[in-house]
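Student: Structure, please.
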Amino acid sequence: MAWLISYRDASNAKFGTEGYSTMNWSGPFDYVKNVIFLVLQYLLSPLPILVSPTVTMNKLIPLIDSFYIIFVLITPILLFYKKYMKGWLVLFLVFLIIPALFETNISGAYRHRISAIVFLMPLVSYIFLNMNLRSLYVRN
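Tutor: Now for the predicted structure:
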């Protein structure tokens with residue numbers, strides 16, 4: 001853990017305004033809180049979770065992409081979660097948490113998160129397909 005903390009602190013200073021803010025890693029509660037913030041910043045970049053809001057306003061296309069992730073990918077999963085989706089979501093979390101720990105700047109986050117987002121697309125496609133089929137059965 002000490003290596004990860006020193007890596008993050010050294011990298012954060014290198015990226016200036018696009019770097020994530022320095023975090024307090026003093027105990028287990030801080031570890032959990034920081035990992036949650038890192039994953040959220042990685043997944044929803046460039047939204048200002050660990051960066052200043054001025055950085056967000058300079059990144060229009062990634063901002064649109066973050067809204068796509070929220071409304072088109074995450075919202076359907078939260079609304080229509082089923083037990084059999086657990087395997088997909090675990091795989092998604094593995095491909096999300098590990099890179100999020102090492103990402104230290106906003107520009108890298110929205111470029112690199114695609115490897116995790118790809119795992120959500122089949123799941124969300126399945127949800128949308130079932131929603132359309134249910135509506136067809138109800139009409140007839």
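Student: Give me the phi and psi for residue 21.
Tutor: phi -70, psi 150 (degrees, to the nearest 10).
Student: residues touching the spatially closest residue to it that is not a sequence neighbour, list them.
Tutor: Take residue 21 and drop its neighbours on the chain: the residue closest to it by C-beta to C-beta, 6 or more residues apart in numbering is residue 50, 5.3 Å away. From N, CA and C alone the C-beta is placed, and that goes for glycine too. Residue 50 is in contact with 20, 21, 23, 37, 38, 41, counting by C-beta atoms under 8 Å, 6 or more residues apart in numbering.
Student: Give me the residue at the spatial middle of this protein.
Tutor: Centre of the chain computed as the mean C-alpha position; nearest residue by C-alpha atoms, centre = their mean is residue 43, 1.5 Å away.
Student: What residues sit buried inside the helix or strand hosting that one?
Tutor: Residue 43 is located in helix 28-44, with elements delineated by DSSP states H and E. By neighbour count with 16 or more other C-beta atoms under 10 Å, helix 28-44 contains the buried residues 34, 37, 38, 39, 41, 42, 43, 44.
Student: Just the pLDDT at the last one, thanks.
Tutor: Same thing as residue 44. Note for residue 44: predicted pLDDT of 92.
Student: and the gap between it and residue 123?
Tutor: As judged by C-beta to C-beta, to the nearest Å, residue 44 and residue 123 stand 18 Å apart.
Student: Okay, residue 29 and residue 35: tell me how far apart.
Tutor: Distance from residue 29 to residue 35, by C-beta to C-beta: 11 Å.
Student: now do residue 76
Tutor: In terms of C-beta to C-beta, residue 76 sits 25 Å off from residue 35.
Student: Enumerate every residue touching the closest residue to residue 63 other than its chain neighbours.
Tutor: Sequence neighbours aside, residue 46 is the residue nearest to residue 63 in space, at 5.7 Å (criterion: C-beta to C-beta, 6+ apart). Each residue near residue 46 by C-beta under 8 Å, 6+ apart is listed here: 55, 56, 59, 62, 63, 66, 106, 109, 110.
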